[in-house]
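Q: coordinates only, sequence not included:
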Ligand SMILES: Nc1ncnc2c1ncn2[C@@H]1O[C@H](COP(=O)(O)OP(=O)(O)OP(=O)(O)O)[C@@H](O)[C@H]1O
Ligand SMILES: [Mg+2]
């Protein structure tokens, strides 16, 4: 099992006490491509932050790649994310002072498994696959939103993570690039048994994935497997 | 590898914020250069005054103290049958001589701690040349030993100390006295004591210390001359001056001498307590200025790093989200602080040297002080750089710790 969420409840306390997630439980198999859909404000991002180990203030438990990550220390979680998780944020969040290439390389340099030259080569390869290879040496703050998003996807994939999570990873992309990204993610699932969980508003994108989880007001209302 | 990526991120930030980096390191630069300059000036000044003091004061002076009359003798003769008291005891008039001085001198000379030993007697005299008269005092000394101690040679403007050592009836006088009595080397000078004894001597040399009082009154003659003037025998010595290999140990060694010989010891420190006090005050002023400057520089770094962290908080969140642990974030900002500290220390050393060099060229021209006394010791430069780096480290540590506590999800959620 790649992911297991057990009875997750999440409350926000400011401005008023508000339950954003209500008793969420589900599982994702290894090699599965899951899309989470739902109206704006239904709690998709909130759920994804918990699943991606960044948010630790919740009730319930989460297991990722066979490890129980609930209750782990911040630094242990950081190392876990570095090695096992790739994350594409809803608003791409690159480091503006670095080149696109460096942005992609940093998590791999942090992991320190490969030589700098190997990392650079892989980063460049990923950028090229996503159609932003020619932007590699530009500063990240000087490329378009869609380009930034693709650089962010390349960064999420650089450490060859077991699980890739995306919060609308194709939100800023045209149909052609959306298709490229989808194919890339699907290939990871099919060929390398990686697991992909994405939040999306794109119905076509969702329809092509293995399973759709539909959320409404903090609860899972529907799941259908293709 | 992991150190590389932290420092790489840190360096990128430093370069992206060139201006702030520079301003922060300038704070350190000024702090360090002031530290170096102040310390060099203070130590130069201290050395100058110490040298001045030691050119007139021996490291240790041994002499016989006046004693107050006591009842020892009475007890000896009358026994314990009665209680013997002396009402209104007075100081006993002794001739202050050191008993068997040549044995003591030999013992002091062979002491491994001593460098030069010089026996002394002084007499208050009236110097005259024809109808011209001046008050003065003459020190009967072994001039060669005395020269080893006070480097009289360097103050000589006519004749040499050798001339006195070879002429039993020679005398070296100060430039003020020479002027007032219109004397030059080879002339005769008449010395008269208050008890009426008179001696005619030849001027073998003239010195100038630039201390007016000394130049007008002080004379050096051979021991035997002064003994004759005072109508004393050849073993009449009242003071023994000792210079040590390490003058800073004067107090400790002086104590030993006092215990061993039974004579009173005055060290150069106890003879010049006011100048020791002045030195302590100078040190205190310098330290408070330097500490203030370093604190200000530290706050500069603290402020700028704090600002930088505030601006970069989103990026810190991203770094943490992609796998940087708290300690990595600390390392990034400590690296920045240390970089600023190193840059500032390096330029501070250069500026400090430049300030010291410039300072040492400021003309004073009072007494025998020509230029501002500034010393150049590697110690001060190394200390300055160390202080700069340590200050930077602590100034960076607090904001770095704050940065490491950034909760990525708080920031990324917006
Ligand atoms: N920091 C916060 N403090 C309080 N409430 C929050 C906070 N973040 C989100 N919420 C609330 O939690 C609910 C879920 O928000 P979330 O961001 O998960 O929505 P979403 O499904 O991702 O929406 P979208 O599709 O627009 O991104 C919303 O009602 C939102 O107002
Ligand atoms: Mg969202």
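A: That came in fine, so what should we check first? No experiment lies behind these values; they were computed from the predicted model shown. Ligands and ions are numbered 1, 2, ... in the order given.
Q: check which helix or strand covers residue B:125.
A: strand B:114-129 (DSSP states H and E).
Q: and the next element down the chain from that strand?
A: Next along from strand B:114-129, by DSSP H and E: strand B:132-141.
Q: Got phi/psi on the most centrally placed residue in chain A?
A: Centroid-nearest residue in chain A, with CA atoms, centre = their mean: residue A:165, separated by 2.0 Å. Residue A:165 has phi and psi values of phi -120, psi 140 when expressed as degrees, to the nearest 10.
Q: cool, and residue B:405?
A: phi -90, psi 0.
Q: and for the longest helix that chain A contains, what are the contacting residues?
A: As assigned by DSSP state H, the longest helix anywhere in chain A is helix A:175-192. Helix A:175-192 is contacted by residues A:31-33, A:129-131, A:146, A:150, A:153, A:157, A:160, A:164, A:166, A:169-170, A:173, A:194-196, A:198, A:202, A:205, A:208-210 when judged by CB atoms under 8 Å, 6 or more residues apart in numbering or on different chains. Quick note: C-beta positions are derived from backbone N, CA and C, even for glycine.
Q: and after that helix, which helix or strand comes next?
A: strand A:195-199.
Q: Show me what counts as buried in stretch A:215-225.
A: Buried residues in stretch A:215-225, counted by 16 or more other CB atoms under 10 Å in any protein chain shown: A:215, A:218, A:220.
Q: Pull the distance from it to the chain's centre.
A: 19 Å (CA atoms, centre = their mean, to the nearest Å).
Q: From the contact count, pick out the helices and strands touching the longest helix along chain B.
A: Longest helix of chain B, by residue count under DSSP H: helix B:273-311. For helix B:273-311, the packing partners by 3 or more CB pairs under 8 Å, 6 or more residues apart in numbering or on different chains; DSSP states H and E come out as helix B:18-54, helix B:326-359, helix B:378-404.
Q: do you know which of those lies nearest chain A?
A: Among the helices and strands packed on helix B:273-311, helix B:326-359 comes nearest to chain A, with 5.6 Å by CB to the nearest CB.
Q: where along chain A do the strands fall?
A: Along chain A, counting by DSSP state E, strands occupy A:3-12, A:18-28, A:33-38, A:59-64, A:67-68, A:85-88, A:163-167, A:195-199, A:211-216, A:219-225.
Q: which one of the ones you listed is the most hemmed in?
A: Mean neighbour count (mean count of other CB atoms under 10 Å in any protein chain shown) peaks for strand A:85-88 among these, with a mean of 26.
Q: List the strands paired with it, with their directions.
A: Looking at strand A:85-88 with DSSP bridges, its partner strands are strand A:163-167 (parallel).
Q: what's the neighbour count on the closest residue to residue B:152 other than its chain neighbours?
A: In space, and not counting its chain neighbours, residue B:152 is closest to residue B:161: 5.6 Å by CB to CB, 6 or more residues apart in numbering or on different chains. Neighbours of residue B:161 under the rule other CB atoms under 10 Å in any protein chain shown: 22.
Q: Kindly report the same for residue B:132.
A: 12.
Q: hang on, it packs against residue B:181?
A: Yes - here residue B:132 reaches residue B:181: they are 4.8 Å apart, a contact under CB atoms under 8 Å.
Q: Pretty sure residue B:219 sits in a strand.
A: Yes - counting by DSSP: H, G, I helix; E, B strand; the rest coil, residue B:219 is part of a strand.
Q: who's in contact with it?
A: Residues counted as contacts of residue B:219 (CB under 8 Å, 6+ apart) are B:125, B:127, B:136-139, B:171-174, B:177, B:191.
Q: Adjacent strands (with direction) for the strand holding residue B:125?
A: By DSSP bridges, strand B:114-129 pairs with strand B:132-141 (antiparallel), strand B:188-193 (antiparallel), strand B:239-244 (antiparallel).
Q: circling back: so can I have a markdown table of the helices and strands packed on helix B:273-311 showing mean pLDDT?
A: A markdown table is the format used below for the helices and strands packed on helix B:273-311 (pLDDT from 0 to 100):
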| stretch | mean pLDDT |
| --- | --- |
| helix B:18-54 | 88 |
| helix B:326-359 | 93 |
| helix B:378-404 | 90 |
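Q: Dump the ones you listed to TSV, plus distance to ligand 1.
A: What follows is the helices and strands packed on helix B:273-311, written out as TSV (distance: least, CB to the nearest ligand atom, whole Å):
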stretch	distance to ligand 1
helix B:18-54	31
helix B:326-359	22
helix B:378-404	21
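Q: Out of those helices, which gets nearest to residue B:286?
A: Nearest to residue B:286, of all the helices and strands packed on helix B:273-311, is helix B:18-54, at 4.4 Å by CB to CB.
Q: so what strands line up beside whichever helix or strand comes after that closest one?
A: Per DSSP H and E, helix B:18-54 leads on to strand B:60-63 as the next helix or strand towards the C-terminus. Here strand B:60-63 is paired, per DSSP bridges, with strand B:239-244 (antiparallel), strand B:264-267 (antiparallel).
Q: report the angle between the axes of the first one and helix B:18-54?
A: I take that to be strand B:239-244. Counting by axes from the mean of the first three to the mean of the last three CA atoms, to 10 degrees, strand B:239-244 lies at 150 degrees to helix B:18-54.
Q: what residues does the helix or strand just after strand B:239-244 touch?
A: In the C-terminal direction, the helix or strand that comes right after strand B:239-244 (DSSP H and E) is helix B:250-261. Contacts with helix B:250-261, where a contact means CB under 8 Å, 6+ apart, come from B:59-60, B:62, B:104, B:108, B:113, B:242, B:244, B:263-270.
Q: Next, the buried residues of helix B:250-261.
A: B:250, B:253-254, B:257-258, B:261.
Q: Output the set of residues of chain A in proximity to ligand 1.
A: A:12, A:14, A:18, A:20, A:38, A:40-46, A:90 (CB under 6 Å from any ligand atom).
Q: still on that earlier bit, closest to chain A among the buried residues of helix B:250-261?
A: Among these, and counting by CB to the nearest CB, the member closest to chain A is residue B:250, at 59.1 Å.
Q: can you pull the pLDDT of that closest one?
A: pLDDT, residue B:250: 89.
Q: Next, count neighbours for the residue lying closest to it once chain neighbours are set aside.
A: Spatial nearest neighbour of residue B:250, chain neighbours left out: residue B:267 (4.1 Å); criterion: CB to CB, 6+ apart. A count of nearby residues for residue B:267, using other CB under 10 Å, gives 24.
Q: Can you tell me the SS state at the residue nearest to residue B:78 when sequence neighbours are not counted?
A: Closest residue to residue B:78 apart from its sequence neighbours, by CB to CB, 6+ apart: residue B:84 at 5.8 Å. With three-state DSSP as the basis, the three-state label of residue B:84 is coil.
Q: quick one: contacts for the closest residue to residue B:294 other than its chain neighbours?
A: In this structure, residue B:294 finds its nearest non-sequential neighbour in residue B:31, 4.8 Å apart by CB to CB, 6+ apart. With contact set as CB under 8 Å, 6+ apart, residue B:31 has these partners: B:290, B:293-294, B:296-298, B:344, B:348, B:387-388, B:391.
Q: Turn these into a markdown table, including distance to residue B:55.
A: Shown next, in a markdown table, are those (distance: CB to CB, whole Å):
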| residue | distance to residue B:55 |
| --- | --- |
| B:290 | 30 |
| B:293 | 34 |
| B:294 | 36 |
| B:296 | 40 |
| B:297 | 39 |
| B:298 | 42 |
| B:344 | 40 |
| B:348 | 35 |
| B:387 | 34 |
| B:388 | 37 |
| B:391 | 39 |
